[in-house]
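> below is the structure, and that's it, no one-letter string:
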């Protein structure tokens, strides 16, 4: 005889919970919503039925009933950057506490990501990182008019009604510049990045070094390790190399450290290196990278707070909130070598 198989058991529904508890479907819904309009006796009967049947609410049906997806679209600049992980560590708990789930997407590999998230009817959108292509006058401006949106960890795009929460880039770069000047460095280089964040950090670095009586060469890069490596080779391989290099972010700084090793330069004896963001990479003991702590997790928390307020219906003009940074000094910086040593 052929082997008999047991048909799969259908998951319990709100109707089966109601039948088990001896109440109506609408009363079960009230209990699940935490309504105070249900007697304690009936509430306990429903909760017992839910536990006995192992009932779990259908999120799709709930979304249709509430006309909410209970999701937030998170648009990332580059999923490979560890900086984003730490920012999301600040975002996720607040979303979870408010019954929202993040949907992550990489804008560099998904050019239509914003439209896709809007089509999925997300409750809000969080744009994380520097994405200058999402500029005013594009589809982004149209979408953000009806989907609550916040920019986190960057200064752009600047869109009507879209709040921006970021680290204070000028203050952070000022801390790094002061640290190098206090150590005695006057021949400094900066590996710059893109977007408004890159411009703010570059401008502050160049002006600060000049105000301290030094010179600052600038090499443009793409804020990746490979970009930092190429820029580091050009700077450190020059006939008159700088005594210190200040990178736009930690990822670029890692590339600069690799370039120094390739050129057989010791850090910090031959060249000091400073990063920005104080990411998990900077904290690795073999690297011990001096870095500006951009309070990334706090930026994430505050950005999530702004987004929840906008989702809740808070109106008004766009706001910009800057989180104060600090400097974490580690083993990658030291006074410059004396001439002839």
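Yep, it's here. These numbers were taken from a predicted model, which means no experiment stands behind them.
> what about residue 31, how many neighbours?
The tally of other residues near residue 31 (other C-beta atoms under 10 Å) stands at 21. C-betas here are computed from N, CA, C, even on glycine.
> isn't it right up against residue 40?
No. Between residue 31 and residue 40 there is no contact under C-beta atoms under 8 Å: 10.7 Å.
> so what touches the one helix or strand residue 261 maps to?
Using DSSP states H and E, residue 261 sits in helix 250-262. With C-beta atoms under 8 Å, 6 or more residues apart in numbering as the test, helix 250-262 has contacts from 81-83, 191, 193, 221, 223-233, 235-237, 245, 247, 266-267, 270-271, 273-279, 281-282, 287, 289, 291, 332.
> try it again at 7 Å.
81, 191, 221, 223-229, 232-233, 236, 245, 247, 267, 271, 273-277, 279, 281-282, 287, 289, 291 (C-beta atoms under 7 Å, 6 or more residues apart in numbering).
> filter the residues you listed to the buried ones?
Buried members of the contacts of helix 250-262, scored by 16 or more other C-beta atoms under 10 Å, are 81, 191, 221, 223-225, 227-229, 232-233, 236, 245, 247, 267, 271, 273-277, 279, 281-282, 287, 289, 291.
> the residues you listed in strands, which ones?
With DSSP state E as the criterion, strands contain 191, 245, 247, 273, 274, 275, 276, 291 from among the buried ones among the contacts of helix 250-262.
> just put those in JSON lines and tack on distance to residue 311 and pLDDT.
Formatted as JSON lines, those follow (distance: C-beta to C-beta, whole Å; pLDDT from 0 to 100):
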{"residue": "191", "distance to residue 311": "38", "pLDDT": "98"}
{"residue": "245", "distance to residue 311": "42", "pLDDT": "98"}
{"residue": "247", "distance to residue 311": "36", "pLDDT": "98"}
{"residue": "273", "distance to residue 311": "41", "pLDDT": "98"}
{"residue": "274", "distance to residue 311": "38", "pLDDT": "98"}
{"residue": "275", "distance to residue 311": "34", "pLDDT": "97"}
{"residue": "276", "distance to residue 311": "31", "pLDDT": "96"}
{"residue": "291", "distance to residue 311": "33", "pLDDT": "98"}
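> any regions of the stretch 51-200 of the chain where pLDDT drops low?
Filtered on pLDDT under 70, the stretch 51-200 of the chain yields the residue ranges 57-68, 130-142.
> would you map the strands across it?
Along the stretch 51-200 of the chain, counting by DSSP state E, counting those that start in this stretch, strands occupy 71-76, 101-106, 124-128, 149-152, 163-167, 187-192.
> and the fourth one, which strands flank it?
Using DSSP bridges, strand 149-152 pairs in its sheet with strand 124-128 (parallel), strand 163-167 (parallel).
> deepest of those strands, which one?
Across those, averaging neighbours per residue (mean count of other C-beta atoms under 10 Å) puts strand 124-128 on top, at a mean of 26.
> that strand to strand 101-106, inter-axis angle?
Strand 124-128 and strand 101-106 are oriented at 40 degrees to each other (axes from the mean of the first three to the mean of the last three C-alpha atoms, to 10 degrees).
> residue 174: neighbour count?
Around residue 174 there are 19 other residues, counting by other C-beta under 10 Å.
> identify the residues contacting it.
By C-beta under 7 Å, 6+ apart, the contact list for residue 174 reads 204, 208.
> can you check residue 335 too?
So residue 335 contacts 183, 184 (C-beta under 7 Å, 6+ apart).
> do that again at 8 Å, thanks
Neighbour list for residue 335: 183, 184, 185 [criterion: C-beta under 8 Å, 6+ apart].
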